[in-house]
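Enquirer: Kindly generate the corresponding structure for this input.
(one chain, ligands or ions: 2)
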Amino acid sequence: MPDIDAYSAVLRLPHDARRKFLARKLARFATAQVVAPGIPGMSHWTAGQYMAIFRCRHANGTEEAVRCPRGAIPGEPLSRSQALARHLALHQPPLPYFVQHEFLEQAVYAGQEWQPAFVMEWIEGVQLDRWVADRVAEGEGGALREMADRWAEMLALLQQTWVAHGDLHHENVLVTPLGELKLVDYDSVWIPELGNGPSPVVGLRGYAHPAHLRGEVVRCQHRFLDTFAGLVVYVSLRTLAEDPTLHGRFSRENLLLRDSDLAEAEKSELFAQLRSHPDAELAALACELTRLCRALGECNVSLRSILRLARRRGSFPQLTLPAIPDPAPRWTPNPPVAVSAPPDLFGTVEVGR
Ligand SMILES: Nc1ncnc2c1ncn2[C@@H]1O[C@H](COP(=O)(O)OP(=O)(O)O)[C@@H](O)[C@H]1O
Ligand SMILES: [Mg+2]
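Expert: Numbers count the residues shown, from 1 in each chain. Ligands and ions are numbered 1, 2, ... in the order given. Okay, here's the model as predicted:
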């Protein structure tokens, strides 16, 4: 497989020479300028675990990302990206979290062979970890709390529309200057058409379920594939909004929780602190996450249902909730429910369990 320099050498050739190394479908890139991804002074590419990403600016000012593989692309990229595009097209208005993307089997001639590549809309934004670090540095706890809500909304909408990103972590989530969440890296996205076989990735340390990381249980694809990582991010955002000093103590290549915390949640100093947090809802979430870390793999419920339950427990920590008939029988003049339901955190978006 070509390395970043090999792709770079092709994409930065003078326009006329570059044309020969690009598939006809990429002709528009022949005259594009390859520019630095975002941070001034940075090189003209950025890279993840598998891909080298080039930011290409066309003559009319529009920008696209060319994602070139540095190794085998996990999963079946062509069928997955086509299935995702079909699934997303069914949803109106379009989900705001995904951008236009396309997989081309023969895109760039590098390393003496035609190589595949993804072409996608360029997203102006910063990675979630950097955004969080900036908010902590600026003392903007309120913004972190709002982001936690936005994060929960995103997960609710994805799960309601039967889409899972499959590899949620701080590098695959960008925050735009307007504070919108955008997802990148669709290599392990799941939609029902793809079935419930093994996921092409187990996820990044610090976000993956410990049983999958240890290889004890195969990670299978399903509608609630994002719940575990989604809860890790939600708890991290809520905690940092309350206690920004924890960022300096615990955050490195993560938002807050580390893989060692998830692997041994009962013994983790950070988890112990969270389980007895004065914010009862956060404490309830930390207890639930501790329980989930002990389970044999990821849970099969929506993030929203976990948050809703924690909110009830958090609001009424001294009570064991009675079984609330659902729906309440109409014939009962005085339903035997003493506890009024807490306000709904998410408005009207309804997600199954
Ligand atoms: N469409 C895009 N717009 C802007 N930045 C992007 C885009 N796609 C990827 N990136 C940046 O490049 C990084 C690596 O890309 P990614 O597709 O996640 O590669 P990998 O599959 O190797 O993890 C991302 O974390 C993100 O910062
Ligand atoms: Mg990635």
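
Enquirer: Any buried residues in stretch 3-18, and which?
Expert: Neighbour counts using 16 or more other Cβ atoms under 10 Å place 4, 6-8, 10-11, 13, 18 of stretch 3-18 among the buried residues. Just so you know, the C-beta spots here come from the backbone N, C-alpha and C atoms, and that holds for glycine as well.

Enquirer: what do you get for stretch 60-68?
Expert: Judged by neighbour count (16+ other Cβ under 10 Å), stretch 60-68 contains these buried residues: 64-68.

Enquirer: Quickly note the distance from the residue nearest the centre of the chain to Val184.
Expert: Of all residues in the chain, the one closest to the mean position by Cα atoms, centre = their mean is Leu168, 3.0 Å from it. Relative to Val184, Leu168 is positioned 11 Å away (Cβ to Cβ, to the nearest Å).

Enquirer: for Glu171, same thing?
Expert: In this structure, Glu171 and Val184 are separated by 8 Å, where distance is defined by Cβ to Cβ.

Enquirer: Kindly report the same for Ala83.
Expert: For Ala83, the distance to Val184 (Cβ to Cβ) stands at 18 Å.

Enquirer: And these two? Which one has more around it.
Expert: When Ala83 and Val184 are compared for neighbours, Val184 comes out ahead with 24 against 17, by other Cβ atoms under 10 Å.

Enquirer: pLDDT score for the more buried one?
Expert: pLDDT for Val184: 98.

Enquirer: can you narrow the buried residues of stretch 60-68 to ones near ligand 1?
Expert: Of the entries in the buried residues of stretch 60-68, those that also sit close to ligand 1 under the rule Cβ under 6 Å from any ligand atom are 65, 67.

Enquirer: Relative to ligand 2, which of the buried residues of stretch 60-68 is nearest.
Expert: Arg67 (9.4 Å; Cβ to the ion).

Enquirer: Just read off the phi/psi values of Leu213.
Expert: Recorded main-chain torsions at Leu213 are phi -60, psi -40, according to degrees, to the nearest 10.

Enquirer: Find the nearest non-adjacent residue to it, please.
Expert: In space, Leu213 comes closest to Val202 once its chain neighbours are excluded; the distance is 6.0 Å by Cβ to Cβ, 6 or more residues apart in numbering.

Enquirer: Now do the one you found against Arg219, distance only.
Expert: When distances are taken as Cβ to Cβ, Val202 and Arg219 turn out to be 5 Å apart.

Enquirer: Can you pull the residues that touch both of those two?
Expert: Contact with both Val202 and Arg219 is made by residues 208-209, 212, according to Cβ atoms under 8 Å, 6 or more residues apart in numbering.

Enquirer: residues near the closest residue to ligand 2 within the stretch 201-350 of the chain, how many?
Expert: For the stretch 201-350 of the chain, the residue closest to ligand 2 is Leu204, as judged by Cβ to the ion, at 8.2 Å. The number of residues packed near Leu204 is 20, by other Cβ under 10 Å.

Enquirer: ok, now Arg308?
Expert: Applying other Cβ under 10 Å, I find that Arg308 has 18 neighbouring residues.

Enquirer: can you pull the pLDDT of it?
Expert: Arg308 is assigned a predicted lDDT (pLDDT) of 95.

Enquirer: I'd guess it is in a strand, am I close?
Expert: No. Counting by DSSP: H, G, I helix; E, B strand; the rest coil, Arg308 is not found in a strand; it is helix.

Enquirer: now it: how far from Glu140?
Expert: Distance of Arg308 to Glu140, computed by Cβ to Cβ: 27 Å.

Enquirer: what's the answer for Asn60, then?
Expert: In this structure, Asn60 lies at 36 Å from Glu140, with Cβ to Cβ as the measure.

Enquirer: next one: Glu281
Expert: As for Glu281, its distance to Glu140 is 21 Å (criterion: Cβ to Cβ).

Enquirer: So if I had to pick from the two, which one is more boxed in?
Expert: Comparing Glu281 with Glu140 by other Cβ under 10 Å, the one with more neighbours is Glu281, at 19 against 15.

Enquirer: re earlier: next, format the buried residues of stretch 60-68 as JSON lines and append secondary structure, distance to Asn196 and pLDDT.
Expert: Supplementary listing: these in JSON lines, determined by DSSP: H, G, I helix; E, B strand; the rest coil; distance: Cβ to Cβ, whole Å; pLDDT from 0 to 100:
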{"residue": "Glu64", "secondary structure": "strand", "distance to Asn196": "33", "pLDDT": "96"}
{"residue": "Ala65", "secondary structure": "strand", "distance to Asn196": "30", "pLDDT": "96"}
{"residue": "Val66", "secondary structure": "strand", "distance to Asn196": "32", "pLDDT": "96"}
{"residue": "Arg67", "secondary structure": "strand", "distance to Asn196": "27", "pLDDT": "96"}
{"residue": "Cys68", "secondary structure": "strand", "distance to Asn196": "30", "pLDDT": "96"}
